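# Sharing a model prediction with you, sequence too.
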Amino acid sequence: MKNSVFSQKIYSFLLDTYRWYLQTPERSLHQAYDAALKIKEIEDKHFNGNKIDIDSAMYSNSVMDYFESDLKKLLKTVRMRLTELKASRWFLNEENQKAAQKVGIEHPSPSLVLEKLNFIDQVTSKYTTISDQTTSKALVVIPPNLPVEPVISDGNSLIVNPPTLPPKIPIKDSDNKSKVKRKADTVGVLPRSILSTISRLQVELDPNSEQDVIQTFRQTQRRTIISIRFILLLIIIPLLTHQIAKAFVLGPIIDRFRNTEEIQIFLNSEMEEEALVQLQRFEEKLKFENLIIKAPPLLPEQIETEMKKRANELAEEFRSESSNAIKNVFADMFSVVAFIWLLVVSKSSIAVLKDFFDHIVYGLSDSAKAFIIILFTDIFVGFHSPHGWEVLLEGVSRHWGLPASRDFIFLFIATFPVILDTIFKYWIFRYLNRISPSAVATYRNMNE
């Protein structure tokens with residue numbers, strides 16, 4: 001009897017799983033259509049039926065960040081569900097469709113499917129397929145070996161249609177500017193300086209140039225704000241996680257298990273040796289003070305009482321230091337998890353931050369680049385860097401309650417800076433020499 005009931009449950013579970021598998025195309029299309037409806041609802045309700053413009057002056061920055069976050073999530077849902085729809089339709093054949101009819105699953109009519117897909121395409125064709133572009137509005141670089149749908153320009157960015165959507169948007173004349181020119185095509189009759197001067201005059205005489213400058217400034221300002229805010233989050237969130245976890249989560253637990261007398265006071269021999277040195281200095285201090293004030297010598301019982309009192313204070317102090325080292329180990333793990341989580345959920349902010357640093361680095365002069373390179377190389381791989389590495393490693397060892405092994409520190413200093421210096425020289429030779437040869441020449445002249 002029990003076997004038959006168990007067999008019926010297994011059969012029911014497999015039937016439900018197979019039914020869910022057969023309903024995948026309809027479910028994916030419905031979820032993508034529902035996300036497109038939500039985007040359309042935001043457009044009609046807050047932007048008068050127009051595209052959700054991140055740089056719009058209708059709302060404050062906080063409100064636009066809220067709309068931007070919703071738009072990213074909805075566009076990601078549409079993209080993932082359409083990909084799921086395409087994959088599921090490729091796997092489902094006529095036999096699966098017949099099986100779906102037998103179990104009572106009715107698929108929507110082709111006209112209804114095409115109508116929903118057309119609506120989804122009309123809504124999402126206004127936006128880029130890469131969600132990061134909603135914040136930075138930069139040029140979408142397409143690898144030449146990938147098939148791409150036609151491109152349309154909205155004045156600020158180049159929008160690439162999703163390859164999963166059937167309707168295609170015709171190409172405009174402005175798209176020809178995005179094609180990569182050959183070297184032979186770049187040679188003109190007039191010098192480039194004259195052509196660039198003429199182009200600059202055309203821009204200055206253009207009545208819309210002021211709006212373009214304001215738009216560019218707003219984009220740059222927004223990129224800077226997002227980058228600085230993300231950098232602060234990368235610093236503040238791990239530190240707050242470390243302190244909160246140490247004070248409210250790990251602290252009570254570790255203190256509870258270490259408040260017994262059986263727990264060892266010292267984590268390593270280095271702590272014990274330090275405590276003995278302090279106790280010996282305290283005894284010598286007592287004798288020295290007694291000789292200075294010319295008082296009667298202390299009795300052995302008095303010295304023993306003072307020494308015992310000081311030993312108890314040192315024991316309590318080093319017990320607290322040992323507990324603090326154990327808390328630091330686990331709190332650092334929490335901080336690393338928080339840092340990795342922040343990187344995973346902030347891919348768009350990482351792209352904006354990368355663009356922000358690119359603009360800063362490429363905006364520096366050659367002498368400034370050479371100065372920064374020499375500064376960092378001298379700090380980490382220069383002649384005086386071993387002392388800094390030694391202090392850093394000793395601090396980390398003390399932070400985690402580990403004994404500072406001199407052999408390990410000297411071995412690390414003898415290998416790691418050398419490897420780092422080799423990697424840095426290879427980077428200069430391979431990449432910097434190709435990107436900015438003048439900066440490399442300035443670096444070599446300053447380094448000599």
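Okay, I see it.
# The nearest residue to Arg319 once chain neighbours are set aside: neighbour count?
Counting by CB to CB, 6 or more residues apart in numbering, Ile265 is the residue found nearest to Arg319 once chain neighbours are left out, at 5.0 Å. Where C-beta positions appear, they are placed from N, C-alpha and C, glycine not excepted. Ile265 has 18 neighbours, counted by other CB atoms under 10 Å.
# what about the residue nearest in space to the middle of the chain, which helix or strand?
Nearest to the geometric centre of the chain sits Leu343, at 2.6 Å (CA atoms, centre = their mean). Element membership of Leu343 [criterion: DSSP states H and E] is helix 300-345.
# That helix packs against which elements?
With contacts defined as 3 or more CB pairs under 8 Å, 6 or more residues apart in numbering; DSSP states H and E, the packing partners of helix 300-345 are helix 209-244, helix 251-258, helix 269-292, helix 385-399.
# To Phe330, which of these lies closest?
helix 251-258 (8.1 Å; CB to CB).
# Report all helices and strands that that closest one contacts.
So helix 251-258, by 3+ CB pairs under 8 Å, 6+ apart, packs with helix 300-345.
# could you dump the helix or strand just after the helix it packs on to PDB, C-alpha only?
Using DSSP H and E, the helix or strand that follows helix 300-345 in sequence is helix 347-363. In PDB, the C-alpha atoms belonging to helix 347-363 read as follows (Å, rounded to 0.1, in the frame of the first residue of the first chain):
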ATOM      1  CA  LYS A 347      27.900  45.800 -12.900                       C
ATOM      2  CA  SER A 348      26.500  49.000 -14.400                       C
ATOM      3  CA  SER A 349      28.300  51.100 -11.800                       C
ATOM      4  CA  ILE A 350      31.500  49.300 -12.600                       C
ATOM      5  CA  ALA A 351      31.100  50.100 -16.300                       C
ATOM      6  CA  VAL A 352      30.500  53.800 -15.400                       C
ATOM      7  CA  LEU A 353      33.500  53.800 -13.000                       C
ATOM      8  CA  LYS A 354      35.800  52.300 -15.700                       C
ATOM      9  CA  ASP A 355      34.700  55.000 -18.200                       C
ATOM     10  CA  PHE A 356      35.300  57.600 -15.500                       C
ATOM     11  CA  PHE A 357      38.900  56.400 -14.900                       C
ATOM     12  CA  ASP A 358      39.500  56.200 -18.600                       C
ATOM     13  CA  HIS A 359      38.600  59.800 -19.000                       C
ATOM     14  CA  ILE A 360      40.800  60.800 -16.100                       C
ATOM     15  CA  VAL A 361      43.800  58.800 -17.200                       C
ATOM     16  CA  TYR A 362      43.600  59.900 -20.900                       C
ATOM     17  CA  GLY A 363      43.100  63.400 -19.700                       C
END
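# pLDDT of the host helix or strand of Gln202, averaged?
Per DSSP H and E, Gln202 falls inside helix 192-205. Over the span of helix 192-205, the pLDDT mean works out to 70.
# Might one say that Lys72 is in contact with Ser346?
No. Counting by CB atoms under 8 Å, Lys72 does not reach Ser346; the two are 11.5 Å apart.
# ok, so what distance separates Tyr59 from Asp53?
Noted for Tyr59: a distance of 10 Å to Asp53, by CB to CB, to the nearest Å.
# How about Phe248?
For Phe248 relative to Asp53 (CB to CB), the value is 43 Å.
# Neighbour count: those two, which is higher?
Per other CB under 10 Å, whichever of Phe248 and Asp53 has more neighbours is Asp53, with 15 against 9.
# Show the contacting residues for that one.
For Asp53, the contact set (CB atoms under 8 Å, 6 or more residues apart in numbering) comprises Phe47.
# Need the three-state assignment for it.
With DSSP: H, G, I helix; E, B strand; the rest coil as the basis, Asp53 sits in coil.
# Now do the same for it: its pLDDT.
At Asp53 the predicted local confidence, pLDDT, stands at 77.
# Could you pull up phi and psi at it?
Per-residue torsions, Asp53: phi -90, psi 120 (degrees, to the nearest 10).
# give me the low-pLDDT residue ranges for the stretch 251-400 of the chain?
Applying pLDDT under 70 to the stretch 251-400 of the chain flags the ranges 259-264, 266-268, 294-296.
# Quick one: residues contacting Arg430.
So Arg430 contacts nothing (CB under 8 Å, 6+ apart).
# still on that earlier bit, ok, now how distant is the residue nearest to the residue nearest to the centre of the chain when sequence neighbours are not counted from Asn328?
Leaving aside its sequence neighbours, Leu343 sits nearest to Ile350 (CB to CB, 6+ apart; 6.8 Å). Ile350 sits 28 Å away from Asn328, going by CB to CB.
# The two: which is more packed in?
It is Asn328, of Ile350 and Asn328, that has more neighbours when counted by other CB under 10 Å, with 19 against 16.
# I figured the more buried one hits Ala245, correct?
No. The pair Asn328 / Ala245 is not scored as a contact, 10.4 Å apart, by CB under 8 Å.
# check which helix or strand covers Phe383.
Judged by DSSP H and E, Phe383 forms part of no helix or strand.
# how near is it to Arg444?
18 Å.
# Tell me how many other residues surround Arg223.
19.
# Quick check: it vs Glu68, distance?
Counting by CB to CB, the gap from Arg223 to Glu68 is 13 Å.
# Alpha carbons of stretch 62-71, in PDB - could you do that?
Below are the C-alpha coordinates for stretch 62-71, written out as PDB (Å, rounded to 0.1, in the frame of the first residue of the first chain):
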ATOM      1  CA  SER A  62      16.800  60.400  -6.800                       C
ATOM      2  CA  VAL A  63      13.500  59.900  -8.700                       C
ATOM      3  CA  MET A  64      15.400  59.400 -12.000                       C
ATOM      4  CA  ASP A  65      17.600  56.800 -10.200                       C
ATOM      5  CA  TYR A  66      14.500  55.000  -9.100                       C
ATOM      6  CA  PHE A  67      13.100  55.000 -12.700                       C
ATOM      7  CA  GLU A  68      16.500  53.900 -14.000                       C
ATOM      8  CA  SER A  69      16.700  50.900 -11.700                       C
ATOM      9  CA  ASP A  70      13.200  49.800 -12.600                       C
ATOM     10  CA  LEU A  71      14.000  50.200 -16.300                       C
END
